[in-house]
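pasting the sequence and the predicted model now:
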Amino acid sequence: MDHATPSSSPPSAQPSAHRRHTETLRFLAAPTDLGHSGTVDAGRVLEWVDKAAFAAATAWSGSYCVTAYVGNIHFRHPVQVGEMVEVTGTILHTGRSSMHVSTVVRSGDPKTGELEERARCLVIFVAVDDGGKSTPVPVFSPQSLEQELAQEYALARIPTRNEITELLAGQGPVEDGTAEHVVLRFMAAPTDVNWGGKVHGGIVMEWIDQAAYLCASRYCGQDTVAVFSGGIRFLQPLRIGDLVEVDARLIYTGNKGMHIRVEVRSGDPKSGDLHVTTNCITVMVARDAEGTSVPVPRWEPRTADDQRLWQLARDLLKIRGHAPGNRLPHHLVEK
């Protein structure tokens, strides 16, 4: 992602004192938001995150924006149907055309108005022009100590994100895997469209959550929920009418956590030539009837591909272990 200093920015990207740097969406979690877990699924929460971050990015840039990256998000507590939900997106840092947006999800009883944090993450959007090319954005300059510290955090995450991106980019196709594996195939429908004519990033994240749920639940034979999603990268746009494959594969198990690699591919249904549009690692846990997370069977790699992906999960855990910010709880990592 590009990072330009104010002195190197074109005139159109200079600061504007009148631009809003934060946006908040408020609404009730509706019955239609109810997921397979009995609460609002992680995929729907990620859709809300994407919308709030988009609102902040477009308000700041004055341009249409596309999702480039959704950072590590730990789902601390589930959102219940009927709760008041508040999702706030705040600009932390800008590059030439990119905007780093902190997004916080809170929810609670609408009668009292007392809301508790459910999840937070960093989202990166890129401003684009009418031709889909990246376009400069106004420079965000912190105006308080809190904003300075938040910007420092965003900048501190860049080396980790680049290291993870390089590691994931080096992964080839799986030809001889033995782990639990699910592939969803369907057409991208007109109802999935965003404001720019492409498939909404939030919709893609719902697909990722669905595929990870199916893969994890088939493996352990129990209901599962997402507790962490590790860096969702949007590599290429996904268009209405594309054939879509959402490929979810178990790659590692901790005591309770099942690490699922999810890769979204899409392309022309006439040719069947698909390319990777989005990828991430999602950690799922099994829950009992009371909603308590429970241990899952240990998965042992058997083939070279199994071992490669198992090692990928270990390498990602090591990288994130040295990164600033929240880490996965120990019981989700080690067996």
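Looks like it arrived, so ask away.

end-to-end on stretch 85-105?
In stretch 85-105, first residue to last residue: 7 Å (Cα to Cα, to the nearest Å).

ugh, typo on my part, it should be stretch 106-123
In stretch 106-123, first residue to last residue: 17 Å (Cα to Cα).

and if you look at stretch 278-297?
OK, stretch 278-297 end separation, Cα to Cα: 28 Å.

now it: buried residues?
For stretch 278-297, burial by neighbour count (16 or more other Cβ atoms under 10 Å) applies to T278, N279, C280, I281, T282, V283, M284, V285, A286, R287, S293, V296. Every residue, glycine included, has its C-beta placed from N, CA and C.

in strands only, show me those.
With DSSP state E as the criterion, strands contain T278, N279, C280, I281, T282, V283, M284, V285, A286, R287, S293 from among the buried residues of stretch 278-297.

which one of those is nearest to H200?
Using Cβ to Cβ, T278 comes nearest to H200 of those, at 12.1 Å.

quickly list what the nearest residue to the closest one once chain neighbours are set aside is bridged to.
What sits nearest to T278 in space, not counting adjacent residues and going by Cβ to Cβ, 6 or more residues apart in numbering, is V264, at 4.0 Å. Beta-bridge pairing for V264 (DSSP bridges): V246, T278.

hang on, V264 packs against M205?
No - using Cβ atoms under 8 Å, V264 is not in contact with M205; the gap is 9.6 Å.

the helices in the stretch 151-300 of the chain, which residues?
201-220 (DSSP state H, counting those that start in this stretch).

which intervals of the stretch 201-335 of the chain have sub-threshold pLDDT?
For the stretch 201-335 of the chain, the stretches with pLDDT under 70 are 323-335.

try 50
Within the stretch 201-335 of the chain, no range satisfies pLDDT under 50.

what residues are up against A53?
A53 is in contact with T67, G89, V101, T103, V123, F125, counting by Cβ atoms under 8 Å, 6 or more residues apart in numbering.

would you turn those into JSON lines with distance to P190, secondary structure and pLDDT?
Shown next, in JSON lines, are the contacts of A53 (distance: Cβ to Cβ, whole Å; DSSP: H, G, I helix; E, B strand; the rest coil; pLDDT from 0 to 100):
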{"residue": "T67", "distance to P190": "19", "secondary structure": "strand", "pLDDT": "92"}
{"residue": "G89", "distance to P190": "26", "secondary structure": "strand", "pLDDT": "97"}
{"residue": "V101", "distance to P190": "27", "secondary structure": "strand", "pLDDT": "96"}
{"residue": "T103", "distance to P190": "27", "secondary structure": "strand", "pLDDT": "96"}
{"residue": "V123", "distance to P190": "25", "secondary structure": "strand", "pLDDT": "94"}
{"residue": "F125", "distance to P190": "23", "secondary structure": "strand", "pLDDT": "95"}
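
just the buried members of those?
Among the contacts of A53, those classed as buried by 16+ other Cβ under 10 Å are T67, G89, V101, T103, V123, F125.

rounded mean pLDDT for the helix or strand where A55 lies, please.
Secondary structure assigned from DSSP states H and E places A55 in helix 42-61. Model confidence over helix 42-61 averages 94 on the pLDDT scale.

stretch 22-34 too?
95.

now swap in stretch 168-187 and tell me
For stretch 168-187, mean pLDDT rounds to 90.

end to end, how far does it reach?
26 Å.

show me what counts as buried in that stretch.
Neighbour-count burial for stretch 168-187 flags L168, V174, G177, A179, E180, H181, V182, L184 (criterion: 16+ other Cβ under 10 Å).

ok, stretch 37-55 next?
Neighbour counts using 16+ other Cβ under 10 Å place 37, 39-55 of stretch 37-55 among the buried residues.

CA atoms of it as CSV?
Provided in CSV are the C-alpha atoms of stretch 37-55 (Å, rounded to 0.1, in the frame of the first residue of the first chain):
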residue,chain,number,x,y,z
SER,A,37,-24.9,-20.1,15.6
GLY,A,38,-28.1,-18.6,17.1
THR,A,39,-26.4,-15.1,17.2
VAL,A,40,-25.3,-12.7,14.5
ASP,A,41,-22.7,-14.5,12.4
ALA,A,42,-19.1,-13.1,12.0
GLY,A,43,-19.8,-12.7,8.3
ARG,A,44,-22.6,-10.3,8.9
VAL,A,45,-20.5,-8.3,11.4
LEU,A,46,-17.8,-8.1,8.8
GLU,A,47,-20.3,-6.7,6.3
TRP,A,48,-21.2,-4.0,8.8
VAL,A,49,-17.5,-3.3,9.4
ASP,A,50,-16.9,-2.9,5.6
LYS,A,51,-19.9,-0.5,5.3
ALA,A,52,-18.8,1.7,8.2
ALA,A,53,-15.2,1.9,6.9
PHE,A,54,-16.5,2.6,3.4
ALA,A,55,-18.6,5.5,4.8
